Every structure is written in structure tokens, then in C-alpha cells.
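Student: Predicted model and sequence follow; I will ask about them next.
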Number of protein chains: 2
Amino acid sequence: MKKHLLPILFACSLPAAVTAQQQDSLVLRRIADEVLTHSTAYENLRILTKTIGGRLAGSPQMVKAEQWGVKALQAAGADTVYLQECKVPHWVRGEREEARIISNRRDAVPPLNVLALGNSVGTGKAGITAPVLEVASFEDLEAKKDQVKGKIVFYNYHFKPTFIKTFYSYGDAVKYRGQGASKAARYGAVAVIVRSMSHAADNHPHTGAMGYDPAYPKIPAVAIGLEDADRLSHRVKDDASAKVFLRTNCQMLADTIGHNVIAELRGSKYPDQYLTVGGHLDSWDINEGAHDDGAGCVQSIEVLRAFKAAGIKPTRTLRVVLFANEENGTRGGRKYAEEAKARKEKHIMALESDAGGFTPRGFTTTMDDAKKALLYSWKPLFAPYGIYDFEEEGGGVDVGQLAALLGTPIAELSPDSQRYFDIHHAASDVFESVNKRELELGAFGMAGFIYLTDLYF
Amino acid sequence: MKKHLLPILFACSLPAAVTAQQQDSLVLRRIADEVLTHSTAYENLRILTKTIGGRLAGSPQMVKAEQWGVKALQAAGADTVYLQECKVPHWVRGEREEARIISNRRDAVPPLNVLALGNSVGTGKAGITAPVLEVASFEDLEAKKDQVKGKIVFYNYHFKPTFIKTFYSYGDAVKYRGQGASKAARYGAVAVIVRSMSHAADNHPHTGAMGYDPAYPKIPAVAIGLEDADRLSHRVKDDASAKVFLRTNCQMLADTIGHNVIAELRGSKYPDQYLTVGGHLDSWDINEGAHDDGAGCVQSIEVLRAFKAAGIKPTRTLRVVLFANEENGTRGGRKYAEEAKARKEKHIMALESDAGGFTPRGFTTTMDDAKKALLYSWKPLFAPYGIYDFEEEGGGVDVGQLAALLGTPIAELSPDSQRYFDIHHAASDVFESVNKRELELGAFGMAGFIYLTDLYF
């Protein structure tokens, strides 16, 4: 397309009496100009993803990421930056995961592209070879429970395409990843393979946290990509001799020490009241954690930088928190909330970004109706930025701990979700999948939200 | 992030009296389910982009694309498919474009990555070597007009980052591509180099149409990418001996014959009234034309397919038009409108998709206030799909011809614009840059829009 459009003008001459909302609108425009012109979010993300990469809790990269966080927050202009120690789980993948279809048939079967699920036990060095029982759902598992013993159960539950926001597809499907192993172990399964929770048109397996029900044996759990899932499904239907050989070397070690990285911009009027904005510093080990959640970290840092650069002084203390461990434990968020409670801190608002660095569309929140009414009154302020969706209940997992312990109003940035589960927890969550302007618009949205919260909450 | 959300339910039991809008809402949901579950848009796009590729008017690929369009529309279930002949321009790039900085200094200077602008003349086989005069704008050119003679003028106008919708940045900057050559030729320039109209974080040059003012000599015009533009700018400031060697082999040949590809789904009640939905089949030669405008073509085809598959029979005749030539002539749109006028056809609505296959956000329109009021009353129907932005004046370039000749109400799908100018008219506009669900949601939006138009316009 080649259309020629006239620029619209944002600066306009003001009537003598400027309403509060007009005034707010000008401040938001000032923040947007600052972020879209001078943001360091994208360059910060490049450094985090390309020089450190995947940074699971307990890994050497975790330590490097904490050091990066301290430096980046200092460079953004924080008054103070400090580490808050917390225990984190220490799961390691180990080397060389493999899976392949074993068959009496002579046709070549390429290996399955496999990833152990986070927190899973490994198969042991010898691996596991067993026939495969495909199930479509937990109901199907129940119906086939007499066939499970000695088998590898293959959860081939399809990610639903008809939800508009893909987080609903995730919410619908993720139980097979989280609980599938124990439910199958109950009936004697020796391992589980889970179809990845994704709409992707590729074959990347998507990892993610799982947990064990202590009532049943711990069996290995892995994910495979969508093409491999279809291939495996066809094979086990066509070929009665087909088994799967599976070898993973992952294990859960003893807890270790990690840190929430915290920066403050001291409040001008109420320094003992807090506005928290954050993302989680940890990521899965097999990618760069660019969208999940490098994006949320650098956007949170950008909120502080943009406030300083645009000369906006919050009346409350702004806290940027890079949470230590979300992916396989939520230990960072829990520690932060516990400390806040122990110190009897007064928290006004906690805002998280942990749904990808895509174009912002709104905020999900958990707060009382009076505060929601205030929030909705800001809609005209955000509409020019394509941010319009404020109604959904939510808030992030890390700041959710603060809501649970202190009743703090919480919110989470809600970006466009269409591409998120293409890359979520897969090797494809890399810096190149993040768009600079989309990332920056999200940072602007967060800064604007915090600015208004400070003014009206 | 790992949050667990409950699925929302779309099917609900209906009260005895169902309002019209509730009824419409159910039909839209039916269309969305059909598109998100069974769409052929993405696979159609793969075939168009990967087996045909770039398809500039007059090229052999144009003919192949027309044949593809006929087949795809027949497969979608059209009642009739036919070709509408029209004259199209025939510009050819020729082989081996090159540009490099020539200097007395001994430091190595890598070649500039260059693309001739569409419709430009070439340099001749010997190429052009001349000193470079950088200008920031047309105003700057005027101020330096005495220095222009014998020089290559380098328009280093930066794409503005502060517009939220990137089409405004484009509207602001594209005049340097469109008119820059003649404005510089007026003062004796021998060629122009234009900084690409893009926010991209890469070095792809972005081509696009330019035109000549017959009052001045035709001089060659090329685009360079953003990194090369910065490099060239630094070099001409630092190095008084720097010149640029430029060679392009493009030329405008005599007009040739192309075709609008048109399919109809016959109206059940008013077959002589028309609802047009379309995109343009031509693309630039140096990419796959995936977003621009393969996406618009396959989305338009999908509207027809989804109507058929979901059992929706429009009362007016639905016309899907794959316009022959938009990029360097708008001949397809003009021909379609001229024929419609000559046949005294009654056109109720014409909807275009030519702003990329990204997540849909709304529609731009040109229509009278009464129709706009109707349109705005549909907002609650589209809100669940993230489509909320209906206020902007607009409508596409191709359907704009129908508005101009017949006064037809027109509209254009308005997708998220953040990534569009990263790939627009550059080698990076390939199939892989299109997301399946984003493409499908756009097709749904168009189908829903046409459905409601047929009902209420």
C-alpha cells in the first residue's frame, strides 16, 4: 500500500481553563514522546538476551542477570538499588535429551524434538522404552485407565483456536502439563509426553513448570512440538509395534540462593508508600527469555528511566522489582510480599508485565469497585495509544503475592496475545521476536498507568 | 509466565426474546469459529508467496498470480470467477543495482545496500559518480539549492517515532520518496538517494512508487536502509573526498495488459447490488508481497469461503476483487470503478485490506454521518474480538476509486501498525512475517463487517 496521510498534531493550543484530564493527557503524551524517542528498553533487552541468555533460577546465568539488573537500574537513574535474598528452586535439565519412535517397521522415523518439563525427574541414563497410550484428555485417560500400566501416556490435547485471547487457550490446556504426570502415574504410567501448548506453525517443543502429587510415583514428563505430536499420533494408530524411547537427564537439586533486584525512586511526598512495577528476571533455560520475561524487566526499568528523564516525580516511592523466580516456583514474588508484610509497608499499587512485549491493549486488574471506576475513567487518556481493554480480572503472578498477603490493588499489562504462545517457553523466544516499538509502547502504558495511580489512588 | 485461567464460554442459553444485536453477536461468533478453525487464508498465502513470490504489474509472476487467484476463488466456493482486463504500467528493475562510497581515504567502505524506487529511470550502464549533498527536508533543499547542481541529493529525513499509528509517520515522510527526484532535478541534481521510510532495526532498503514532474529532467532515484543512511551521512560529513557511485538498470516499458480477478457470490435478494471486498494482487518485485498485499487478497477470499462454509447467504452480491495494480499505478482500482460506473452498478459498500495482515484493531471509513452512526452502533459486537477503533477517516486506495466515481461508502481494515513499516516494500515482507491467527482475525473482522453492512446498509 502506498497511501499518503497527513500527520495529526498532538501539540495544541490550550484554552485558559485546562481540565485535569487534559492536563493528564499532556503528561501522558510527554511520557510517550520520551519513551518512543529515547527508550533504553530495547537495547537493555538485547544485552540481557544476547550476552546472558536463558537464566533459570539457580543457574550461573541467574547470577549474571542479577548483576545486569543492578547496573541497568543504576543507569536508569534509580536513587537506590539493592538485592533481596530469597531461596529459589534449582532444577537442572542436564545434557542431551532424546526421544524416538522404535518400531519393527523399516521406514525411517526421525527423532522426536523433545524438552523435559520443568521440575520433572529424569529417566535415568538407560532411558525408558515403552508403548504409547494416546489420550485426548483427562476424561479419556479415565476411560482408558486399565490400559495405562507400563505405558508412556501421550496427552494429545489440542490448543483451542477459537478463543480470541490466547491466554484462555493456555488456561484451558495447561493442566495437562501441570498435572498430567501424576494423573497418569496413578494408573501405572512410566512417563508422559505432552503436546505443546501452542498455536505455532512450527515444531518447537514448549517446556514449562509441572508438579507432582506426592500420592503417586514421580515419573518423567516431556513436551513435544505440534508436528511431532501429529506424527506420533499417526504412528501409534498405524503401527502396533511402535514404542517410544525416551531419555532425559533432568533433576531437582537442593534449593539455592537467588535475589529479587529492587530499585527505588524516592517519593516526593509519601516516601513510605509504594508503587511497585516489575517483571521476572528468571526464564527457561532453553531460550533467551526475551518475551518471557525479559520484556517485562526492561519495560519496568524504562518506567523509572522515563519518569526521571521526563521530570516526573512520583509522590510515592516507585519500586522497580525484577523478581528472582517465577517460572518454577514464584519464590521471588512470595519473598517480596512476605518482606513487605513483615515491614508493614503500605503498598498503593503493584503492576506487572509478564504476558509478552507485544503491542499493549489494556490492563487486567484485581482491585475494589471504587478503584476500578477510577481506572475506567482513564480510558479516554489511553485510547489514543490503542490501549482500551481495562475490564478483565487479573494481575500478574508475582504481584499477586502482594495482593494475597496485603490486599494491594494489582494490575498486569495486557499485550496483544496472538503471537505469545508461538514462542512461549520454546527456543524461539529470542530477542529477534520482540519488536522495538511494541516493547516501548508497553513501557509507556505502564508508566502512564503508574503516573495516574500515583495521582488518583 | 505460567498463569492458569479458566476458559470463558461463548455458547450460552438464550432467553425467549433475543435482541437483534444478540442475534448478530451469535452470527459473528459463528463466523469467527469458522475462520479460526477452518480458514484457508494462511495456506493460500503460503502458495501465493512461496510458489509465485513478487508479482509486479507486467511481470510473468503477475500472470501466474492471476491464475492462482482464479483457482483460489473457485476453491473458496464462488458462483462465478472472471478476469477484468486493464492496462497496467510495466516497470522493470533490471539486473544488478549497486551503490558504493568512493573516497580518497584508504579505509574500507562496504557497498550500500540499494533499491531503485519504482517508476524510476536507471543510471545507464556506466552509472553515475557524483558528490553527495545531504538534506534533512525539502526546506533544507531550498536553503541549499545553490549547492545542488551536479550532485546526488541524499534525503536523510527520519521516520518520526512519536506517532502511535505508524501510517502517520509514513504520511509524514513519503513525500521524499514520491517527489524528491523532481524537486532535486529542478536545481540540477543528477540522482537522489532516499532514507527508507521505516522504523526497522535492520538495513533493508524499502522501495515504493515515485513520480516525475514533467517540468524537470528525469533523474534516477534509489532507497537505502537506515544503517546505510547513517553511515552515508557520517561519511559525507567526515570525508570531503567522498562521492557515491550509483548504477541502476531499471526502466519503464510500454503499458501492458493485466487483470482484476473477480469472484461473485450471488445475492439472495438483491443480486444487482454489490458488496465489494478486496486487496491488491500486485506486489513489489523484491519480496514475496506477504503483508502487502498477499494478506489482503487471501483475507478477501476467506470472507467468501467463510460465508459459504458458515451458511451465510448475503442478500446483495458479494464481489471479491483482487486488484491488478496498486503499487505503481492504481490502475486496477480505477478500472473496476470505471466499469462499475459504465454499467450503472449499485454499490452498497466496498471494503479493502491493504495495511498488513496483523491483528485487526478497527476500520477506517469514508461514508456519510448516518452510516457512520450505524457503524458505531456495531462496536459492542466487535469489542470481544479486540476490534474497537472505528472513528478514523479513510478507506483503501483501490476502493477509493469507487468512492470517487460512484460515491460508494468505503472502508479499510485497520490492523496493528507497529511492525508494518519494518517490512513494507522491503525484502523482509515474506510469508514468515505473517502470523496465522492475526491474518485470520483480520479475515473474520472483514467478514463480520460485510455481514453487518449487508444487514443494515
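Tutor: Yep, it's here.

Student: Show me what the longest strand along chain A is packed against.
Tutor: Ranked by residue count, the top strand of chain A under DSSP state E comes out as strand A:251-265. If you count contacts as 3 or more CB pairs under 8 Å, 6 or more residues apart in numbering or on different chains; DSSP states H and E, strand A:251-265 packs onto helix A:60-76, strand A:80-92, helix A:295-309, strand A:316-323, helix A:331-342. The C-beta positions use only the backbone N, C-alpha and C, and glycine is treated the same way.

Student: Which positions in it come out as buried?
Tutor: Within strand A:251-265, the residues that count as buried by 16 or more other CB atoms under 10 Å in any protein chain shown are A:252, A:258-265.

Student: same thing with stretch A:320-329?
Tutor: A:320-329.

Student: Including pLDDT, could these go into a markdown table?
Tutor: Formatted as a markdown table, the buried residues of stretch A:320-329 follow (pLDDT from 0 to 100):
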| residue | pLDDT |
| --- | --- |
| A:Val320 | 98 |
| A:Val321 | 98 |
| A:Leu322 | 98 |
| A:Phe323 | 98 |
| A:Ala324 | 98 |
| A:Asn325 | 97 |
| A:Glu326 | 97 |
| A:Glu327 | 97 |
| A:Asn328 | 95 |
| A:Gly329 | 93 |
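
Student: what's near enough to touch A:Gln23?
Tutor: By CB atoms under 8 Å, 6 or more residues apart in numbering or on different chains, no residues touch A:Gln23.

Student: element containing it?
Tutor: helix A:20-38 (DSSP states H and E).

Student: ok and that helix relative to helix A:295-309, angle-wise?
Tutor: Helix A:20-38 runs at 110 degrees relative to helix A:295-309, counting by axes from the mean of the first three to the mean of the last three CA atoms, to 10 degrees.

Student: and after helix A:20-38, which helix or strand comes next?
Tutor: Per DSSP H and E, helix A:20-38 leads on to helix A:41-47 as the next helix or strand towards the C-terminus.

Student: Please work out the average pLDDT along that following helix.
Tutor: Across helix A:41-47, the average pLDDT comes to 98.

Student: Pull the distance from that helix to the chain's centre.
Tutor: 17 Å (CA atoms, centre = their mean, to the nearest Å).

Student: Just the strands from the stretch 301-450 of chain A, written as ranges.
Tutor: A:316-323, A:346-352, A:360-366, A:410-415 (DSSP state E, counting those that start in this stretch).

Student: one step back: tell me which of the helices and strands packed on strand A:251-265 sits nearest to chain B.
Tutor: Taking CB to the nearest CB, helix A:295-309 is the member of the helices and strands packed on strand A:251-265 nearest to chain B, at 8.4 Å.

Student: Only C-alpha atoms, please: export the closest one in PDB.
Tutor: Provided in PDB are the C-alpha atoms of helix A:295-309 (Å, rounded to 0.1, in the frame of the first residue of the first chain):
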ATOM      1  CA  ALA A 295      10.400  -7.700  28.100                       C
ATOM      2  CA  GLY A 296       8.700  -7.100  31.500                       C
ATOM      3  CA  CYS A 297      12.000  -6.400  33.200                       C
ATOM      4  CA  VAL A 298      13.200  -3.800  30.700                       C
ATOM      5  CA  GLN A 299       9.800  -2.200  30.500                       C
ATOM      6  CA  SER A 300       9.800  -1.900  34.300                       C
ATOM      7  CA  ILE A 301      13.200  -0.300  34.200                       C
ATOM      8  CA  GLU A 302      12.000   2.000  31.500                       C
ATOM      9  CA  VAL A 303       9.200   3.300  33.600                       C
ATOM     10  CA  LEU A 304      11.800   4.600  36.100                       C
ATOM     11  CA  ARG A 305      14.100   5.900  33.400                       C
ATOM     12  CA  ALA A 306      11.200   7.700  31.600                       C
ATOM     13  CA  PHE A 307      10.000   9.300  34.900                       C
ATOM     14  CA  LYS A 308      13.400  10.600  35.600                       C
ATOM     15  CA  ALA A 309      14.100  11.800  32.000                       C
END
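
Student: Next, the angle from that helix to strand A:410-415.
Tutor: Using the same axes, to 10 degrees: helix A:295-309 against strand A:410-415 is 100 degrees.

Student: Distance across stretch A:217-224, terminal residue to terminal residue?
Tutor: 22 Å (CA to CA, to the nearest Å).

Student: Just the buried residues of that stretch, please?
Tutor: For stretch A:217-224, burial by neighbour count (16+ other CB under 10 Å) applies to A:219-224.

Student: Is there proximity between it and chain B?
Tutor: No. Stretch A:217-224 lies apart from chain B when judged by CB under 8 Å from any CB of the partner chain; the minimum separation is 13.5 Å.

Student: List the contacts of that stretch.
Tutor: A:97, A:99, A:112-117, A:120-123, A:128, A:177, A:180-181, A:184-185, A:189-196, A:205-208, A:210, A:212, A:232, A:246, A:248, A:250.

Student: Take the residues you listed and keep only those in strands.
Tutor: Reading strands off those with DSSP E, I get A:99, A:114-116, A:128, A:191-195, A:246.

Student: Make a markdown table out of those residues and add pLDDT.
Tutor: Converted to a markdown table, the ones in strands among the contacts of stretch A:217-224 look like this (pLDDT from 0 to 100):
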| residue | pLDDT |
| --- | --- |
| A:Ala99 | 97 |
| A:Val114 | 97 |
| A:Leu115 | 98 |
| A:Ala116 | 98 |
| A:Ile128 | 98 |
| A:Ala191 | 98 |
| A:Val192 | 98 |
| A:Ile193 | 98 |
| A:Val194 | 98 |
| A:Arg195 | 98 |
| A:Leu246 | 98 |
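
Student: hmm, which two among the residues you listed are most spread apart?
Tutor: The most widely separated members of the ones in strands among the contacts of stretch A:217-224, counting by CB to CB, are A:Ile128 and A:Arg195 (18.7 Å).

Student: quick one, which of those two is more surrounded?
Tutor: A:Arg195 (27 against 19; other CB atoms under 10 Å in any protein chain shown).

Student: Look up how far A:Asn156 lies from that one.
Tutor: A:Arg195 sits 5 Å away from A:Asn156 when distances are taken as CB to CB, to the nearest Å.

Student: Overlap of the contact sets of these two?
Tutor: A:Ala229.
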